[in-house]
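1. model this:
(chains A and B)
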Amino acid sequence: MSDSNPHTEQPLITMSGVNKYFGDFHVLKNIDLTVHTGERMVICGPSGSGKSTVVRCICRLETHESGSIHVDGIELTDDPDSISAIRAEVGMVFQQFNLFPHLSVLDNLTLGPIKARGMSRSDAESLAMTYLERVRIPEQANKRPGQLSGGQQQRVAIARSLCMEPRMMFFDEPTSALDPEMIAEVLDVMVELAEEDGMTMIVVTHEMGFARKVADTMVFMDHGEIVETGPTAGFFDNPRSARCREFLDQILKH
Amino acid sequence: MITSAIIGSRRHRLVGLLVIMAVMATLSGCGAGGNWGWYVVDPTNPSGWVNLKFLAGGFASTILLSIIAAISSITIGLLIALPGLSERRGLRLINRVYVEVVRAIPLLPMLFWVFYGLPQIFKALGLDITINPFWGAVITLALSDSAFTAEIFRAGIQSIGRGQSEAAQTVGLNYLQTMRYVILPQAIRRILPPLANQFIYIVKMSAFASVIGMQELTRRANELVVTEYRPLEIYTVLILEYLVLVLIISQGVRWLERKMGADERQR
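-> Residues are numbered from 1 along each chain as shown, chains lettered A, B, ... in the order given. All right, here's what the predicted structure looks like:
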């Protein structure tokens, strides 16, 4: 999992010239993006700027109309084999958690390993408990998602993704649906994942404190375009574009 | 009073039923001087007892017929609902055509068509397949009901948020696994009440099987009417027979709902 070797070998994810439309709405315009193994990228931007769509395209929850997406050397096409090969390497955490409400926490975590990976129940359960301990809620294993707080649910969702042992994790506004006091517990888990495991991550978020602490690369999107991208320090201290500066001023004001 | 005894207290439906029986007994008392002749179904009267046993003898076929038809209807309905949820137009069209055509066909002509028409087609195809009244009725009820079940399934599956199937996909489940382990278990809980409605509907519509000669509840009542000339008394018993069946089903469904509700506490 932690074969972090930043920025020397070929990129883990490459998007080049990716375009996507929702009907007439041009949601992604000529997106070029590269992510290297071990890199932590934070994508920010106003709502509707297409930042979620970028990560959703990489794990094929959305299709792209033109351009190419490569993950670990595999091109993402309509071919179901390419889709499942890529999804096997990607863990996804959603804004709305999307836990399975009819299953216990433990069953949420073991469903993928057992059904998709063919793992035995006992192996899957011990794997699940390992990750529940990682996100510090092993005692909730037999509860239903609906009995947990939002922060706990999101940590379960992170553990559920980790159970598939992905090479990279995508977080699509993971704290936006949480009450303020629960944001920290989720971000702590994510920081740990970045710093201790060297997990390759793309995080769509407005949590700029988290971005400063964890991100190697910042991406600012607006109106479906990547307006600015660069190393974290320079991005915050000296944004080049006016639009990006304006956005940062807005969200860092308070 | 009687209706409030039936509707008002769920747990005492049986009591309500007994009240109806008591009313019948009273009416049977009046019968001596009036138009009623409850003796034909009076359990204390030897020939009435024989008649009652004859009528009740139809329970087994009605129940068996309804259960097989309902299971088939649910299976066909699900298979028809799934293409209706596809992103491909052609598949959705298959669903639309099936639902629109099948639910437009009245039950009785469909029954005649299956019972008398299908064997003709089989014959023309050189197949030696005969359809007995039981299977004729099962096929008709299952097909006819499946169009409604398909719409119930479609609505139920659509009511489960898109995030659920997205999450299932990202943990590596394929389409069938996503349906089987994530979507359907949640959808079934929501569509249990309308599915139960359809089951009750099937039980009642199974009465049509009598016209092609199947020995179920209604057929037996018809036969008894022909020999006893007491249609109102006999059909009253027939109605009570269906009432008993339907009440048992409702209780069963309530139990199922409670059981499913108990092991799920959704947000």
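2. pLDDT below threshold where in the chain?
-> You didn't pick a chain, so chain A it is. A:1-8, A:254 (pLDDT under 70).
3. Wait, chain B was what I had in mind.
-> B:1-14, B:16-17, B:22-34, B:262-267.
4. need the helices for it, in chain order.
-> With helices called from DSSP state H, chain B shows them at B:2-3, B:13-31, B:46-56, B:59-84, B:89-104, B:107-112, B:118-124, B:133-158, B:162-170, B:175-177, B:184-205, B:217-228, B:231-262.
5. Over to the stretch 151-254 of chain A?
-> A:180-197, A:208-214, A:232-237, A:242-252 (DSSP state H, counting those that start in this stretch).
6. What helices and strands are in contact with the helix or strand where residue A:124 lies?
-> If you go by DSSP states H and E, residue A:124 is part of helix A:121-134. Judged by 3 or more Cβ pairs under 8 Å, 6 or more residues apart in numbering or on different chains; DSSP states H and E, helix A:121-134 is in contact with helix A:105-111, helix A:150-162. For every residue, glycine as well, the C-beta is placed using N, CA and C.
7. count of residues packed around residue A:196?
-> 10 (other Cβ atoms under 10 Å in any protein chain shown).
8. what does residue A:216 give?
-> 17.
9. Would you confirm that it contacts residue A:41?
-> Yes. Counting by Cβ atoms under 8 Å, residue A:216 does reach residue A:41; the two are 7.0 Å apart.
10. How about the contacts made by the nearest residue to residue A:29 once chain neighbours are set aside?
-> Of all residues not flanking residue A:29 in the chain, residue A:224 sits nearest, at 4.4 Å (Cβ to Cβ, 6 or more residues apart in numbering or on different chains). Residues near residue A:224 by Cβ atoms under 8 Å, 6 or more residues apart in numbering or on different chains: A:26, A:27, A:28, A:29, A:49, A:50.
11. Could you identify the helix or strand that succeeds whatever helix or strand the fourth one lives in?
-> Read that as residue A:29. For residue A:29, the host element (DSSP H and E) is strand A:25-35. Downstream of strand A:25-35, the first helix or strand assigned by DSSP H and E is strand A:40-44.
12. now for whatever helix or strand comes next after that following strand, which elements pack on it?
-> Downstream of strand A:40-44, the first helix or strand assigned by DSSP H and E is helix A:51-58. The helices and strands touching helix A:51-58, judged by 3+ Cβ pairs under 8 Å, 6+ apart, are strand A:13-22, strand A:25-35, strand A:40-44, strand A:66-71, strand A:168-172, strand A:200-204, strand A:217-222.
13. Can you lay out these as JSON lines showing mean neighbour count?
-> Shown next, in JSON lines, are the helices and strands packed on helix A:51-58 (neighbours: other Cβ atoms under 10 Å in any protein chain shown):
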{"stretch": "strand A:13-22", "mean neighbour count": "18"}
{"stretch": "strand A:25-35", "mean neighbour count": "18"}
{"stretch": "strand A:40-44", "mean neighbour count": "26"}
{"stretch": "strand A:66-71", "mean neighbour count": "18"}
{"stretch": "strand A:168-172", "mean neighbour count": "25"}
{"stretch": "strand A:200-204", "mean neighbour count": "26"}
{"stretch": "strand A:217-222", "mean neighbour count": "24"}
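14. With distance to residue B:228 added, can I get those strands in CSV?
-> CSV is the format used below for those (distance: least, Cβ to Cβ, whole Å):
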stretch, distance to residue B:228
strand A:13-22, 71
strand A:25-35, 74
strand A:40-44, 82
strand A:66-71, 79
strand A:168-172, 73
strand A:200-204, 78
strand A:217-222, 83
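15. Contacts only, for residue A:71.
-> Per Cβ under 8 Å, 6+ apart, neighbours of residue A:71: A:12, A:13, A:58, A:86, A:89, A:90.
16. and of those, the nearest to residue A:159?
-> Comparing those against residue A:159 with Cβ to Cβ places residue A:90 closest, at 15.8 Å.
17. hang on, the earlier thing: can you give me the distance of the residue nearest to residue A:29 to residue B:106?
-> According to Cβ to Cβ, to the nearest Å, residue A:224 stands 54 Å off from residue B:106.
18. Ok, residue A:33 next?
-> 60 Å.
19. isn't residue B:48 right up against residue B:37?
-> No. Residue B:48 lies out of contact with residue B:37 (Cβ under 8 Å); the separation is 10.0 Å.
20. how about the residue nearest the centre of chain B, what does it touch?
-> Closest to where the C-alpha atoms of chain B average out (Cα atoms, centre = their mean) is residue B:202, at 2.3 Å. Residue B:202 is in contact with B:66, B:69, B:70, B:73, B:141, B:145, counting by Cβ under 8 Å, 6+ apart.
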